[in-house]
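# Got a predicted model here, sequence first, then my questions.
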Amino acid sequence: MAHRWWVGVVLGLGLLVCTASEVSAEGTVAGPHFSDATLQAFVIAALRVGNLIDSWQPIIDAAPTLEDKARLKQAADARMSVVIKAGSTISVGDYQAVRRRAESDPALQERLSSILQGAVEQR
């Protein structure tokens, strides 16, 4: 079975799901270099964020009004900050920086994929 890796790249309450074939072949984007420790912490936090999204998204989708949806998204966003910090060594700011960079940097996507694959294999 093909392993479909995902990193919780949070865009509002959306989760960016990537497969190896979807990674762009373009070059990397100039910017900061993230340490392996930061990327490992990002992957751990992203997995937790993914679980949070999985639990909140049906609730948000079922909300009867746009106001209810907005209120629930705010509550979920607040919870995401807690989840990112909990049991991790990455700050919310660093998490967001990695997330933003990973959106357009295939080399970083590959590093994150490799870290995630290693984490899955250790289970």
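In hand now; what should we look at?

# which secondary structure elements does the lengthiest helix in the chain contact?
Counting residues, the longest helix in the chain under DSSP state H turns out to be helix 36-62. Under the contact definition 3 or more CB pairs under 8 Å, 6 or more residues apart in numbering; DSSP states H and E, helix 36-62 sits against strand 6-11, strand 14-17, helix 66-85, helix 92-102, helix 106-122. No exception for glycine: its C-beta is placed from N, CA and C like everyone else's.

# Go through those and pick out the most buried.
Most buried of the helices and strands packed on helix 36-62 by mean neighbour count (mean count of other CB atoms under 10 Å) is strand 6-11; its value is a mean of 20.

# what is the rounded mean pLDDT of that one?
Mean pLDDT, strand 6-11: 38.

# that older thread, how far off centre is the longest helix of the chain?
In terms of CA atoms, centre = their mean, to the nearest Å, the centre of helix 36-62 is found 6 Å from the chain centre.

# Give me the angle between that helix and helix 92-102.
90 degrees (axes from the mean of the first three to the mean of the last three CA atoms, to 10 degrees).

# ok, how many other residues are close to Leu47?
17 (other CB atoms under 10 Å).

# do you know how far it is from Leu112?
Note on Leu47: its distance to Leu112, by CB to CB, to the nearest Å, is 11 Å.
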